[in-house]
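> requesting a structural model of the entry that follows:
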Amino acid sequence: DNWVFGYVLPGPDGPIDTLGLELRREGIDDFRYCELLDRLLKEKSHSRKPSVRAAVTKARAIREAVRRRFRPDAFSDMAGGSVWLHDYRPQPALRLSDYDRLRHSVAEACVALVEGEKSNKSEEAL
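Coordinates of the predicted model:
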């Protein structure tokens, strides 16, 4: 029963990914999207371009919605850089559709921040 906490199982042709591994991967992707959104917000927050300002306002609201849904203390000392997997504190109940909606919103906000800058450059060229 050593596989209970494992992320791969032995298979006839090599390791087989487990659901736990795939969920971890998705969690890492979500974290990276949020980090990208934070970076883009920092870069674009002082823009005077209307399309960028609108994207920043919407992106801030989305980022705040994500923050409200997830507790930073869900793992022992995440703020201090330590993550203890066996001291997990449950998050507020989220359905898979909630996760998908949040993930999609964060990705769209990132695209809007980048595209807002591009659309203004094309407007300036006219």
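
> pLDDT weak spots in the chain?
1-6, 71-92, 119-126 (pLDDT under 70).

> could you pick out the longest helix of it?
helix 96-125 (DSSP state H).

> same for it, what does it pack against?
helix 19-44, helix 50-69 (3 or more CB pairs under 8 Å, 6 or more residues apart in numbering; DSSP states H and E). For the C-beta atoms, the positions are set from N, CA and C on the backbone; glycine is no exception.

> buried deepest among the ones you listed, which one?
Neighbour counts (mean count of other CB atoms under 10 Å) averaged over each of the helices and strands packed on helix 96-125 peak at helix 50-69, with a mean of 16.

> from residue 37, how far off is the residue nearest the centre of the chain?
Nearest residue to the geometric centre of the chain (CA atoms, centre = their mean): residue 30, 2.9 Å. Per CB to CB, to the nearest Å, residue 30 is found 11 Å from residue 37.

> cool, and residue 55?
Residue 55 sits 11 Å away from residue 37, going by CB to CB.
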